[in-house]
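J.: The following block contains a protein sequence and its predicted model.
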Amino acid sequence: MTKTIEFKGRCLCGAVAFEGAAPDEPVSSCHCKQCRQWGSGPFDAYSVPLANLKFTSGEDAIKFYESSEFARRGFCSKCGSSLFWHADRHPDWKDRIAIAVGTLEQPTGLTAGPHIFCAAKADYHEIKDSRPQYAGED
């Protein structure tokens with residue numbers, strides 16, 4: 001039986017709030033250049049089916065930046081909090097959204113998963129845990 005995680009989250013100022021329930025999947029830590037530039041470090045994300053994400057306030061405060069030919073990054077237009085990564089134009093990912101785990105209320109019940117795009121990690125960043133590491137998205 002698959003465990004379900006119930007989550008609630010919000011941006012720093014509270015203008016955007018959301019909740020949902022989704023299958024328990026490990027948090028991935030992305031070290032790609034775009035994620036590093038966006039949040040000054042790896043982007044820790046919990047990927048959920050888009051249909052499982054419900055906004056309780058502030059959906060109109062979310063702005064998206066088209067960061068690549070297939071994905072966009074969502075942030076709060078009031079406080080600037082990084083909220084989501086959504087590959088809305090990628091056939092395998094368009095129905096899922098990656099939530100920035102730092103926005104979620106504790107305890108999350110989530111577990112740490114793989115490091116991805118490690119070939120692009122910052123030269124000052126040392127990965128010292130035993131989680132799987134992938135050079136690309138493998």
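T.: Good, I have the coordinates. Numbers count the residues shown, from 1 in each chain.
J.: switch to C-alpha atoms for all contacts and neighbour counts from now on
T.: Fine.
J.: Low-confidence stretches in the protein?
T.: 1, 137-138 (pLDDT under 70).
J.: what ranges do the strands span in it?
T.: For the chain, the strands defined by DSSP state E occupy 4-10, 17-23, 27-30, 43-49, 53-57, 62-66, 72-76, 82-86, 96-100, 112-116.
J.: Could you give the separation of the fifth one from the chain centroid?
T.: So that's strand 53-57. Taking CA atoms, centre = their mean, to the nearest Å, one finds the center of strand 53-57 at 16 Å from the center of the full chain.
J.: Neighbouring strands of that strand in the sheet, and parallel or not?
T.: With DSSP bridges as the test, strand 53-57 is paired with strand 17-23 (antiparallel).
J.: quick one: contacts of the strand it pairs with?
T.: The contact list for strand 17-23 (CA atoms under 8 Å, 6 or more residues apart in numbering) reads 2-11, 48-49, 52-59.
J.: now the angle from it to strand 43-49?
T.: Angle of strand 17-23 versus strand 43-49, following axes from the mean of the first three to the mean of the last three CA atoms, to 10 degrees, is 70 degrees.
J.: Centre of the chain to strand 17-23, how far?
T.: Taking CA atoms, centre = their mean, the mean C-alpha location of strand 17-23 is offset from the chain mean by 13 Å.
J.: For it, list every residue counted as buried.
T.: Of the residues in strand 17-23, A17, F18, E19, G20, A21, A22 count as buried by neighbour count, 16 or more other CA atoms under 10 Å.
J.: hang on, K3 packs against P26?
T.: No: taking contacts as CA atoms under 8 Å, K3 lies outside contact range of P26: 11.6 Å.
J.: So which of those two has more stuff around it?
T.: Remark: of K3 and P26, P26 carries more neighbours, 14 against 9, as counted by other CA atoms under 10 Å.
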